[in-house]
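K.L.:
sequence and predicted model, in that order:
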Amino acid sequence: MSGLNLAQQEAVNYLHGPCLVLAGAGSGKTRVITHKIARLIQAGLEGKRIAAITFTNKAAAEMRERAKALIGREAKDLLICTFHALGVRMMRQDGQVLGLKPQFSILDADDVTGILKDAGGTTDAATARSWQWTISAWKNSGLNAAQALAQAKDDNERVIATIMQRYEERLTAYQSVDFDDLIGMPLKLLRDFPEVREKWQKHLGHVLVDEYQDTNATQYELLKLMVGERGRFTAVGDDDQSIYGWRGATLDNLRKLPQDFPTLKVIKLEQNYRSTSAILRAANNVIQPNPKLFPKTLFSELGEGEPVRVVDCDNEEHEAERAVARIQSIRANGLGKEWKDFAILYRANHQARVLEQALRKAQIPYKVSGGQSFFDRAEIRDLCAWLRLWVNNDDDPAFLRAVTTPKRGIGHQTLGSLGVFASQYKLSLFEALFSSSLPSVLNARALGSLQEFGRFVNDLEYRARHTSGAEDAKTFLADWLKDIGYEKHLYDGEENEKVAAARWTNVLEFCDWMAGRCGGQIDDAAGVATATERKTLLEVAQTIALLSTISEREKDQNVVTLSTLHASKGLEWPHVVLAGVVEGMLPFKPDEDAPADSLLQRIQEERRLMYVGITRAQRSLVVSWSKKRKKGREMVAAQPSRFIAEMALDKATVKEDPREKLKALRAEFAKKSAEAAAAAAAASNAP
C-alpha cells in the first residue's frame, strides 16, 4: 500500500459493498484494480471467486501479468477476461437450458455478413454490413427480432427486423452465436433461469469492471444480475473518457449506479501520473463545458512542462510537413531518443495518408495503429477456415465457412437440418456428415452434396499430411484453389475487377508464404527469411491460429505511431502531435437533421474525444490545424476547431519560425552523418 496515494488506498480498502472509482486519465486505475484483487485475497476471498472484467484481450492480458507479479501463484485462479469471454464461459457451462450444445460456434464479422447476405437475398457486402450494424445496435439494447419489429420506426427498419428474424433462425439451426450474443444470451440465462442466476451469484464473491464508462445497456443489466442485491463489485471508469456511444456505450450506466445501489461508495482518482501540468490544464479546460456526473479536476506533480503549442498550417500537406519537422526537431535536441516516443493522432483513418507520405519522404519509420492485418482480410480468412478444418474436423465455424465459400449448392435449409441433427446427437457438423442416421433427415441430393464435401476435405487432409517442400506445397495449393474455383468466386463476388485482382494477389501471396514455410523458410521477427526444418503442409496449417501474431510484430518496433483518437485510448507517448483539429473533423460534422438533444450529445462525445487525445501526451503536445483541407476533389476553407479555443491557452497560436525548422533538419542531418562516420571508422578498425 506504500506505493498508493490516499484516494487509491481508499478504493483498494473498500471491500464490502458497491464501489465506483472515478479514475481520471493516467491516474493508475489498473494499479488500483490489481491491488484491490490482492486485498480481497488477503481478506480471505478465494481467487477463483474474483472476476475482473475489461474490454480487450490486450488489457486483460496486461492485468493478468500485473496480478501475477503482485500476488504470485494465486493469480492463476483469478477470472480476468473480457465481458465476451465471461459470456462464453457462462454459456459453455449453462447454455444447454437455451438449447445450445457446449461446443457451439462463435461467428466472426465476416461469417455474420455472409449469413445476412443469404438471409436478406443480397450479394452486396456493404448492404449486409449496414444491416449488421443495425441488428447489433438492437441486440446491445436488449431487443430480439420480434421486439425490433414492434418498435421499427420506418419501412427500412421493418425490413431489417424481418431479416433479423431469418438470421436468428439460421444461428439457431447452425448452433452458432455472434459476438453480441455473448452478452445477450448470458443476460437471458441469468434473467430467466433463477437456478443459474443463484449459482453465479454464489460463485462470484467480487466483480471488478474496468472501463465501466464503455458498458452498454445489456452489459449493465448482466452486471446487476451477476452481483445481485449484495452488490459486491467495483466499477472503475471515467465519464470524461466515454467515446464509444456509436457502438452502444451509454453514460446512463453511470447515472443508474447510485439509483440502483443506494449504498454506492464513490471515490475519485484525480492525481495524474502521466502528463505535465500544462497538458492537464488544457485537458481540464476542454472538458469543462460538458455536464458533470461526478465533477473532478486532474492535477500532476510532474511540473509545469513545455507549453501546449497550437500550430496553424496552409493545407494538409503543410500540416504533415510540420508534424515531421516537429519530430525531427525534438530528436535533434535530444528530448526524444527513439522513434517510438512519438505519435501523430487524428480523427479519421483517411487523414493518415498525407502523414504517411511525409514520413516516408523524411525516411522516418512508422506504423499505422489499428490498420487491418493481412490475416484479417476476408479472402485470407476464407482459406484459413479450410486449413483449420483439415487440422480439426470438429471446428464448426471453420466447417460453415468452408462449405459455403465458395458456394457449392448447399443451402441454409440443408445446413440448418444438419445443425439440428448434430445438436440432437451431440456431434460436430463434420462428424454428422457420415452418421448412418443422417439420411432420415436429408433428401438424397442434399446428403450427396454434403458427403461429397466431407470426402473432399478428408482427401485434402491426407494429401496435406504427405506434402512437404516448397515446390510440392505450392503445386498442391494451386490445385486446391483451382478445384474449389476460388479465383472465379472472387471475381464473381466483386463488381470492381481491380478489387478482385488485388484480393487474388493477396491469396497468391498467402500461398507463397505457406509454401515457403513448408520448404524450411520462415520469417523471423525482423522480417528476414531464415532456414528451418522442412514441414508438411498439415504441420504448417496447425499453426494457423498463430498467424495473426505475425501482424503484431510491429508492436516492438522502434517506429512513430499513427493512430486515430479512438484507437489511441489507453495508450501514451512522451510526445504527441494532434493533427487535423478543424471544424467538421473534430468535432466531426454531425447530421444537421438530427434532433437538438442528439446533436448536443454528439458534440459532448467529440469533446471527450479531444480530451482523450490531449491526455495521451506525457511531456509535449502540439495541436495543429490547416486553413484549407481536401473535401472530395476540391480544396475548401477550414476553421480551427472550437476545442482549440476551449483549451484556453495563454498563447492561442504559436507561429513556427521556418528558420527553426531548417536548423532542426540540419542538426538531424549532422547527427546521421556523424553516426555513419563513426560506424565506418569502427568497421575499418575491426580486426
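P.N.:
Thanks, I have the structure now. Not measured: the values here are computed from a predicted model.

K.L.:
which residues in the stretch 151-300 of the chain form helices?
P.N.:
155-173, 181-192, 194-203, 217-227, 252-260, 277-287 (DSSP state H, counting those that start in this stretch).

K.L.:
can you lay out those as TSV showing mean neighbour count, mean pLDDT and distance to Glu495?
P.N.:
(C-beta placed from N, C-alpha, C; glycine too.) Shown next, in TSV, are those (neighbours: other CB atoms under 10 Å; pLDDT from 0 to 100; distance: least, CB to CB, whole Å):
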stretch	mean neighbour count	mean pLDDT	distance to Glu495
helix 155-173	18	90	22
helix 181-192	21	93	32
helix 194-203	14	94	48
helix 217-227	21	93	37
helix 252-260	16	91	42
helix 277-287	24	95	44
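
K.L.:
so where's the stretch 1-150 of the chain uncertain?
P.N.:
1-2, 103 (pLDDT under 70).

K.L.:
about what we covered before: the helices of the stretch 151-300 of the chain: which one's closest to Ala385?
P.N.:
With CB to CB, the closest approach to Ala385 among the helices of the stretch 151-300 of the chain belongs to helix 155-173: 17.4 Å.

K.L.:
what's the closest one in contact with?
P.N.:
99, 107, 115-116, 118-120, 131, 134-135, 138, 144-146, 148-149, 152, 177-178, 181, 412, 415-417, 419-420 (CB atoms under 8 Å, 6 or more residues apart in numbering).

K.L.:
what's the neighbour count on Glu497?
P.N.:
9 (other CB atoms under 10 Å).

K.L.:
quick one, what contacts it?
P.N.:
Tyr491.

K.L.:
my read: Leu383 touches Val507, true?
P.N.:
Yes: counting by CB atoms under 8 Å, Val507 is a contact partner of Leu383 at 6.7 Å.

K.L.:
and for the two, which residues touch both?
P.N.:
Joint contacts of Leu383 and Val507 (CB under 8 Å, 6+ apart) are Tyr486.

K.L.:
quick one: which of those two has more around it?
P.N.:
Leu383 (24 against 19).

K.L.:
quick one: contacts for the more buried one?
P.N.:
Tyr486, Val507, Phe510.

K.L.:
let's see that with 6 Å instead.
P.N.:
With contact set as CB atoms under 6 Å, 6 or more residues apart in numbering, Leu383 has no partners.

K.L.:
any idea how far it lies from Val368?
P.N.:
Separation of Leu383 from Val368 (CB to CB, to the nearest Å): 24 Å.

K.L.:
run a quick neighbour tally on the closest residue to Val560 other than its chain neighbours.
P.N.:
Spatial nearest neighbour of Val560, excluding adjacent residues (CB to CB, 6 or more residues apart in numbering): Tyr366 at 4.3 Å. Counted by other CB under 10 Å, the residues lying close to Tyr366 total 23.

K.L.:
what do you get for Ala444?
P.N.:
Count around Ala444 with other CB under 10 Å applied: 8.

K.L.:
ok, it to Gly248 distance?
P.N.:
With CB to CB as the criterion, Ala444 and Gly248 are 46 Å apart.

K.L.:
picking that back up, next, give phi and psi for the residue nearest to Val560.
P.N.:
Here is the backbone geometry of Tyr366 (degrees, to the nearest 10): phi -150, psi 170.

K.L.:
just use 19 as the starting number from now, easier for me
P.N.:
Right, with 19 as the first residue, what we last looked at is Tyr384.

K.L.:
contacting residues around it?
P.N.:
By CB under 6 Å, 6+ apart, the neighbours of Tyr384 are Leu377, Val577, Val578, Leu580.

K.L.:
can you list those residues in CSV and add secondary structure?
P.N.:
Converted to CSV, those look like this (DSSP: H, G, I helix; E, B strand; the rest coil):
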residue, secondary structure
Leu377, helix
Val577, coil
Val578, strand
Leu580, strand
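
K.L.:
out of these, grab the one that's most surrounded.
P.N.:
Neighbour max across the contacts of Tyr384 (other CB under 10 Å) = Leu580, 28 neighbours.

K.L.:
state the pLDDT value of it.
P.N.:
With respect to pLDDT, Leu580 scores 93.

K.L.:
that one and Asp126: what is the separation?
P.N.:
Distance, Leu580 to Asp126, using CB to CB: 26 Å.

K.L.:
ok so, going back, which one of the helices of the stretch 169-318 of the chain lies closest to Gln560?
P.N.:
Proximity to Gln560 (CB to CB) singles out helix 199-210 among the helices of the stretch 169-318 of the chain, at 26.6 Å.

K.L.:
so what does the closest one touch, helix or strand wise?
P.N.:
helix 101-112, helix 235-245 (3 or more CB pairs under 6 Å, 6 or more residues apart in numbering; DSSP states H and E).

K.L.:
just send those helices back as a markdown table, with distance to Ala612 too.
P.N.:
A markdown table is the format used below for those (distance: least, CB to CB, whole Å):
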| stretch | distance to Ala612 |
| --- | --- |
| helix 101-112 | 29 |
| helix 235-245 | 20 |
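
K.L.:
okay, and the closest residue to Trp404 other than its chain neighbours sits in which element?
P.N.:
Counting by CB to CB, 6+ apart, Trp404 lies nearest to Ala420, which is 4.8 Å off, once chain neighbours are set aside. Here Ala420 sits within helix 414-422, counting by DSSP states H and E.

K.L.:
equivalent analysis for Glu374, please.
P.N.:
Per DSSP H and E: helix 370-379 holds Glu374.

K.L.:
buried ones in that helix, by neighbour count?
P.N.:
Residues Ala370, Val372, Leu373, Ala376, Leu377 are the ones in helix 370-379 that count as buried (16 or more other CB atoms under 10 Å).

K.L.:
which residues does the last one contact?
P.N.:
When you say that, I think you mean Leu377. Counting by CB under 6 Å, 6+ apart, Leu377 has contacts Tyr384.

K.L.:
recalculate using a threshold of 10 Å.
P.N.:
When contacts are counted by CB atoms under 10 Å, 6 or more residues apart in numbering, Leu377 touches Ala338, Ala341, Val342, Ile345, Trp357, Ile362, Ala370, Pro383, Tyr384, Val577, Val578, Leu580.

K.L.:
over to Glu652?
P.N.:
Per CB under 10 Å, 6+ apart, neighbours of Glu652: Lys646.

K.L.:
pLDDT weak spots in the stretch 369-518 of the chain?
P.N.:
388-393.

K.L.:
before we move on, back to that, out of the helices and strands packed on helix 199-210, nearest to Glu557?
P.N.:
Nearest to Glu557, of all the helices and strands packed on helix 199-210, is helix 101-112, at 28.6 Å by CB to CB.

K.L.:
quick one, grab the pLDDT at Met603.
P.N.:
Value for Met603, per-residue pLDDT: 91.

K.L.:
excluding chain neighbours, what is closest to it?
P.N.:
Arg365 (4.9 Å).

K.L.:
ditto for Leu200
P.N.:
Gly105 (3.7 Å).

K.L.:
from Asp198, how far off is the one you found?
P.N.:
Taking CB to CB, one finds Gly105 at 10 Å from Asp198.

K.L.:
restricting to C-alpha, output the helix or strand hosting Ala56 in PDB.
P.N.:
Element membership for Ala56, per DSSP H and E: helix 47-60. The C-alpha coordinates for helix 47-60 follow below in PDB (Å, rounded to 0.1, in the frame of the first residue of the first chain):
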ATOM      1  CA  LYS A  47      -6.600   2.600 -12.400                       C
ATOM      2  CA  THR A  48      -5.000  -0.700 -13.400                       C
ATOM      3  CA  ARG A  49      -2.800  -0.500 -10.300                       C
ATOM      4  CA  VAL A  50      -5.900   0.100  -8.200                       C
ATOM      5  CA  ILE A  51      -7.600  -2.900  -9.700                       C
ATOM      6  CA  THR A  52      -4.700  -5.300  -9.200                       C
ATOM      7  CA  HIS A  53      -4.000  -4.100  -5.700                       C
ATOM      8  CA  LYS A  54      -7.700  -4.500  -4.800                       C
ATOM      9  CA  ILE A  55      -7.600  -8.100  -6.000                       C
ATOM     10  CA  ALA A  56      -4.700  -8.700  -3.700                       C
ATOM     11  CA  ARG A  57      -6.500  -7.000  -0.900                       C
ATOM     12  CA  LEU A  58      -9.600  -9.200  -1.400                       C
ATOM     13  CA  ILE A  59      -7.500 -12.300  -1.300                       C
ATOM     14  CA  GLN A  60      -5.700 -11.000   1.800                       C
END
